[in-house]
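Undergrad: Quick check, what structure comes out for this input:
(chains A and B)
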Number of protein chains: 2
Amino acid sequence: MRATLIYGAGDVRVEDVPDPVLREPTDALVRVLRSCVCGSDLWPYKSRPATEQGDRIGHEFLGVVEDLGSEVSGLRRGDVVVAPFVWADNTCDFCREGLQTSCRHGGQWGAEGVDGGQGEAVRVPQAQGTLVKLPVGEHSSLLASLLTLSDVFPTGHHCAVTAEVGPGTSVTVIGDGAVGLMAVLAAHRLGADRIILMGRHKVRTDLGRDFGATDIVPERDQEGIDRVRELTGGDGTRAVLECVGTEQAVRTAFAVVRDGGTVSRVGAPQYEQVPMGFGEFMRNLTLTGGVAPARAYIEELLPEVLDGTLEPGRVFDRTVGLDQVPDGYRAMNDRTALKVLIQP
Amino acid sequence: MRATLIYGAGDVRVEDVPDPVLREPTDALVRVLRSCVCGSDLWPYKSRPATEQGDRIGHEFLGVVEDLGSEVSGLRRGDVVVAPFVWADNTCDFCREGLQTSCRHGGQWGAEGVDGGQGEAVRVPQAQGTLVKLPVGEHSSLLASLLTLSDVFPTGHHCAVTAEVGPGTSVTVIGDGAVGLMAVLAAHRLGADRIILMGRHKVRTDLGRDFGATDIVPERDQEGIDRVRELTGGDGTRAVLECVGTEQAVRTAFAVVRDGGTVSRVGAPQYEQVPMGFGEFMRNLTLTGGVAPARAYIEELLPEVLDGTLEPGRVFDRTVGLDQVPDGYRAMNDRTALKVLIQP
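TA: Residues are numbered from 1 along each chain as shown, chains lettered A, B, ... in the order given. Below is the predicted model of the structure:
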């Protein structure tokens, strides 16, 4: 089959790889209907050292069950399923607590002999725990929105949930990438009454407005901070959803959060330390968030996607075939595409 | 009157200062019955640059109302009252949310013309909001325990509350100083079932056992981390209460907290940054806590102190008169005293 490999910074290739086969009785084989490129895929795309053999990549996919190991129940061949971006048994203590990203028997896609999602098919470990059956056919018009349940939508949701966004909460979302826009959607869904989106790409912030943003702050750095403070009577917002992952974004987050408030981060950190010294201590600021246990949220978010109330799939603004995946990476890296859908 | 001033590192003096007088109609004058030295007073005692004029110091006191401004209601001359370690109007939006440390009209003791607590008397700004009347006389045997409501007990409590300690929570407390011991007491009171106290001063950890610690870890650094992990099946505890304030303590906290868990810090930070990079992100760790809004907790904690269920005053292991305050600082700095009570 064909699958995507990354050989180093800027070097993504689609190549022939061995067809996946069942290895464990807990495995399933899934033929991929849709996959996509994640903002976090751009970090290795920007900086990974060159390698000889390349590594499989991609961690978001939705597909059809083609085969099942003997210990997998609850799924059948032909089922359309979505996979969260971390596989997990969904039965260990961490999974039962909703922290499938720390599953005792789970792991990452595209690592340690596990396929990446940007290919024609995937061997899914711990299939019973990992996969969620979708009540749609493989030609459903909802596939793009359903694919967001794999990562980007639950990631935005995790950000809002861990920041304790609820009815009436004031929120600032930092970043108008796909995750930031999903955080807007999630905060709106949870009842936030004011959602300030910090972002300067008008096409994206317009979509943010559609998703529920009440104010757009295109200014950056101190100017952006001043603007958010001005919009909030000098106080900042109770919740700040940091959807970028840079130290500058974290600094901005602390500068626009209200005393006693919470910064939640879901942008993969490109930093080692965060500024939480005496000043943040005196203001009783909380930093939370982390890698989203998407599996914990899929059932909750699914109904509103199925009935069309929510259209998270609008974050995809380009669709490519598998052979065009390198173009997709380039487009996202150049910011000419917001998020690229892959239709193998 | 006599009051304590700090002139620089190691240089604390008790001197004659002008008697306090009412300045604002919202003021009260309080004759101090008990004050004490805080672990946080030791930071300037260790490092403050020398000054010519000295600064008033002390932020924990309990006393008798001697006079009241015209706008103060709910208090009478002769009332025994305790003051939280930050004064506040207790009516602004932050105060109503229980964050009196961010009061819009509040401030610190010993700063900007406000008296310190380590003296014979104190002018109390925003007296109606700040002071809490205690239903005891000025010779009550409970004064030491009641004085802890000013800071150290609510600080331990804040640490446990912000870490979401509740029935069945597993907890590690870092630090066997007075705040750490109060965090043990607070975690026990809130129902924690396992409380591991990291500390190496046996007299203190013995008191920690009395307050509810189930395990003592005297080892430090990596050895201490290994021991806590060993005690918790390799996972660490769900809540970690960081009661020291050094970067090393924060690093230890992240190393002994369970995935998905919370580190709460109430030790005044002697650091600018905390290590919360990719690893902590992947583990979904939260950092919370901060300066404790003691005022928010006094009414809740008071009844169990009054009826003797809780004896937080056991953290005081030395009592000095006002003139011996410099000895008290020395003793706490040398760790020959845990916490020094001042009886002016």
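Undergrad: For residue A:313, which three-state class applies?
TA: Secondary structure, DSSP: H, G, I helix; E, B strand; the rest coil: residue A:313 is helix.
Undergrad: Just the pLDDT at whichever residue of the stretch 101-250 of chain A sits closest to chain B, thanks.
TA: Chain B sits closest to residue A:102 of the stretch 101-250 of chain A, with a gap of 3.9 Å, by C-beta to the nearest C-beta. No exception for glycine: its C-beta is placed from N, CA and C like everyone else's. Residue A:102 is assigned 98 on the pLDDT scale.
Undergrad: Give me the distance from stretch A:48-56 to the chain's centre.
TA: A distance of 23 Å separates the centroid of the chain from that of stretch A:48-56, by C-alpha atoms, centre = their mean, to the nearest Å.
Undergrad: Averaged pLDDT, that stretch. What do you get?
TA: Stretch A:48-56 carries an average pLDDT of 94.
Undergrad: Can I get it as PDB, trimmed to CA atoms?
TA: C-alpha atoms of stretch A:48-56 as PDB (Å, rounded to 0.1, in the frame of the first residue of the first chain):
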ATOM      1  CA  ARG A  48      13.400  17.000  12.200                       C
ATOM      2  CA  PRO A  49      17.000  16.000  11.300                       C
ATOM      3  CA  ALA A  50      17.300  14.000   8.100                       C
ATOM      4  CA  THR A  51      17.100  10.200   8.400                       C
ATOM      5  CA  GLU A  52      18.000   7.400   5.900                       C
ATOM      6  CA  GLN A  53      14.800   5.300   6.300                       C
ATOM      7  CA  GLY A  54      12.000   7.800   7.100                       C
ATOM      8  CA  ASP A  55       9.300   7.400   9.700                       C
ATOM      9  CA  ARG A  56       5.600   6.900   9.200                       C
END
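Undergrad: near chain B, anything from it?
TA: No - contact of stretch A:48-56 with chain B (C-beta under 8 Å from any C-beta of the partner chain) is absent, the minimum separation being 14.7 Å.
Undergrad: buried sites along that stretch?
TA: Judged by neighbour count (16 or more other C-beta atoms under 10 Å in any protein chain shown), stretch A:48-56 contains these buried residues: A:48, A:54, A:56.
Undergrad: in the worst-scoring helix or strand of chain A on mean pLDDT, what's buried?
TA: Scoring the helices and strands of chain A by mean pLDDT, DSSP states H and E places helix A:42-47 at the bottom, with a mean of 94. With burial defined by 16+ other C-beta under 10 Å, the residues of helix A:42-47 counted as buried are A:42, A:45.
Undergrad: Give me the sheet partners of the helix or strand following it and which way each runs.
TA: Remark: after helix A:42-47, the chain's next helix or strand is strand A:55-56, criterion DSSP states H and E. Sheet pairing of strand A:55-56 (DSSP bridges) gives strand A:2-8 (antiparallel).
Undergrad: Give me the contacts around the strand it pairs with.
TA: Outside strand A:2-8, the residues that touch it by C-beta atoms under 8 Å, 6 or more residues apart in numbering or on different chains are A:12-17, A:44-45, A:48-51, A:54-58, A:115-116, A:118-120, A:322-323, A:325, A:344.
Undergrad: hmm, back to that, show residues contacting the least confident helix or strand of chain A.
TA: Defining contact as C-beta under 8 Å, 6+ apart, one finds that helix A:42-47 is touched by A:6, A:9-10, A:12, A:57, A:268, A:270, A:329, A:332-333.
Undergrad: go with 10 Å
TA: Applying C-beta atoms under 10 Å, 6 or more residues apart in numbering or on different chains, the external contacts of helix A:42-47 come out as A:6, A:8-12, A:37, A:55, A:57, A:177, A:245, A:268, A:270, A:326, A:329-330, A:332-333, A:335.
Undergrad: Let's see it as CSV, backbone CA atoms only.
TA: Listed next in CSV are the C-alpha coordinates belonging to helix A:42-47 (Å, rounded to 0.1, in the frame of the first residue of the first chain):
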residue,chain,number,x,y,z
LEU,A,42,4.5,20.8,11.1
TRP,A,43,6.9,20.7,14.0
PRO,A,44,8.9,17.8,12.7
TYR,A,45,8.3,19.1,9.2
LYS,A,46,10.1,22.3,10.2
SER,A,47,12.9,20.7,12.2
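Undergrad: buried ones in stretch A:254-262?
TA: Neighbour-count burial for stretch A:254-262, counted by 16+ other C-beta under 10 Å, picks out A:254-262.
Undergrad: For it, what is the distance to the chain centroid?
TA: Worked out by C-alpha atoms, centre = their mean, stretch A:254-262 lies 24 Å from the chain centre.
Undergrad: Indicate whether that stretch makes contact with chain B.
TA: Yes - under the criterion of C-beta under 10 Å from any C-beta of the partner chain, chain B is reached by stretch A:254-262 at A:258-262.
Undergrad: Pull out the buried positions in stretch A:199-209.
TA: A:199, A:204-205, A:207-208.
Undergrad: And for stretch A:34-44?
TA: Buried residues in stretch A:34-44, defined by neighbour count with 16+ other C-beta under 10 Å: A:34-42.
Undergrad: That one spans what distance, first to last residue?
TA: One end of stretch A:34-44 to the other measures 22 Å (C-alpha to C-alpha, to the nearest Å).
Undergrad: circling back to that earlier point, reformat the buried residues of stretch A:34-44 as TSV; add distance to residue B:92 and secondary structure.
TA: Below are these laid out as TSV (distance: C-beta to C-beta, whole Å; DSSP: H, G, I helix; E, B strand; the rest coil):
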residue	distance to residue B:92	secondary structure
A:34	52	strand
A:35	52	strand
A:36	47	strand
A:37	48	coil
A:38	44	coil
A:39	40	helix
A:40	42	helix
A:41	47	helix
A:42	45	helix
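Undergrad: residues touching residue A:199, list them.
TA: Neighbour list for residue A:199: A:173-177, A:180-181, A:184, A:205, A:207-208, A:213, A:216-218, A:220, A:224, A:243-244 [criterion: C-beta under 10 Å, 6+ apart].
Undergrad: what number of residues lie near the nearest residue to residue A:322 once chain neighbours are set aside?
TA: Residue nearest to residue A:322 in three dimensions, not counting chain neighbours: residue A:344, with 4.4 Å by C-beta to C-beta, 6 or more residues apart in numbering or on different chains. Applying other C-beta atoms under 10 Å in any protein chain shown, we find 23 residues neighbouring residue A:344.
Undergrad: So residue A:344 sits against residue A:64, correct?
TA: No - look at residue A:344 against residue A:64 with C-beta atoms under 10 Å: they stay out of range, at 11.5 Å.
Undergrad: Common neighbours of those two, please.
TA: With C-beta under 10 Å, 6+ apart, residue A:344 and residue A:64 have common neighbours A:31-33, A:121.
Undergrad: Now intersect the residues you listed with the helices, please.
TA: Counting by DSSP state H, none of the members of the shared contacts of residue A:344 and residue A:64 fall within helices.
Undergrad: Specify which member of those residues is nearest to chain B.
TA: Closest approach to chain B among these (C-beta to the nearest C-beta): residue A:32, at 25.2 Å.
Undergrad: Break chain A down into its structural domains.
TA: A:2-151+A:293-342, A:155-289 (automatic domain parsing).
Undergrad: Show the end-to-end separation of stretch A:310-329, please.
TA: End-to-end span of stretch A:310-329 (C-alpha to C-alpha): 26 Å.
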